[in-house]
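Quick check, what structure comes out for this input:
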Amino acid sequence: MRHTLFSAVRTTLMSGLLALSLPALADTNELYLVSGMQTHQAHFQQALKKAQQRYAAQLPAAVADNLMRQTSERFEPDRMHARAAATLQVNLSDSELDQVLKFYRSELGQQVVAAETRATSPAEVSSMQNGVPLMKVSAERKALIDRLASQLPALDLGEEVSMALASMATQSANQMLGGLFQIPDGLATQQRGALRAQMEPNLPQTLLYVYRDLNDSQLKSYADWSESESGRAFFKAANAAAHDALNP
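Next up, the predicted model:
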C-alpha cells in the first residue's frame, strides 16, 4: 500500500514537472528556429561534408573511413540540435527567453537573421574566402558596428566551427595510431589563438559587409538590443549552445 502510494505521488510529481518543462522546451525550440541557429547548423553540415571529402582524399583509406564514422556520429544533426537546445534552456531564464523571442519574432529580428544566415551560407562563405569588399561608411555607422562587434560572439563562434572542422583529421589519426604517436592537444589551443588573431582585425569590415542591407536606424536598434540585458544573455547562451553542439 505504501509502495503504491509512493509510486502514485512520484508519478504525479514527474508529470507535473514534465508539464511545466514542455512550454519552455517548445519556446527554446522556436528560438532555435527563429534566431537562425537551425539554418546555421544546416550550413555547418554542408561545410562538414566538404571538409570530410577534402580530408578523405588526403588520408590513408583506414584513417579516412574512421574519420567519416567518427565525425558523422559527433556531428549528427539531431543530436547537435538537442545539445544546443538543452544549453539554451539552461542558460536563459523564462523572462530572458520571452524577451529574446520577442526580438527575433520582430521585423528587425528577422532582417538580422536573414543577414546572418546569408553570411554562413556555402555560397557566401566561398565568396568571402578571399576577403570581403571594402565598405566605406560614415563614422557614425562605423561606431555602430564597433558597438556590435563588442557584443556579438562572432570570433568565439568562428573559432568553435573552425576548430571543430580542423580537429577531425587529428582525432582520427590519433585513434588509428594507437598511441605510437600522438598529435598533442596543446596544438589545437595554439591554433585557436592564431586563428583568433587572424580574424580579429577583419571583424569590423566583415560585420559591415554582413549587415550591409540594414540601414543606420536598423543597425542602431540592433546595437541597442545587443547591449540590453536580454541581448547579452542570448549571445552568451548562443555561444555556449554552439560549443556544446560541436563538442559532445
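
Let's verify Gly131: helix, strand, or coil?
With DSSP: H, G, I helix; E, B strand; the rest coil as the basis, Gly131 sits in coil.

contacting residues around Asn239?
Going by C-beta atoms under 8 Å, 6 or more residues apart in numbering, Asn239 touches 153, 156-157, 160. Every C-beta, even on glycine, is put in place using the N, C-alpha and C of the backbone.

Helices - which of those land there?
Counting by DSSP state H, the contacts of Asn239 place 156-157, 160 in helices.

Of these - the most surrounded one?
Glu160 (20 neighbours; other C-beta atoms under 10 Å).

got a list of what it touches?
239, 242-243, 246-247.

now with 6 Å?
By C-beta atoms under 6 Å, 6 or more residues apart in numbering, Glu160 lies in contact with 242-243, 246.

can you check Ser226 too?
So Ser226 contacts 148, 151 (C-beta under 6 Å, 6+ apart).

what about Glu159, distance to Asp216?
Look at Glu159 and Asp216: by C-beta to C-beta, to the nearest Å, they are 30 Å apart.

The two: who's more crowded?
Glu159 (19 against 12).

Distance-wise, check that one relative to Gln198.
10 Å.

And whichever strand or helix holds Ala143, what does it pack against?
Using DSSP states H and E, Ala143 falls within helix 139-151. For helix 139-151, the contact count by 3 or more C-beta pairs under 6 Å, 6 or more residues apart in numbering; DSSP states H and E identifies helix 203-210, helix 216-226 as packing neighbours.

Which among the ones you listed is found nearest to Gly109?
When the helices and strands packed on helix 139-151 are compared by C-beta to C-beta, helix 216-226 sits nearest Gly109, at 8.5 Å.

avg pLDDT for the closest one?
Across helix 216-226, pLDDT averages out at 97.

Also stretch 97-105?
For stretch 97-105, mean pLDDT rounds to 96.
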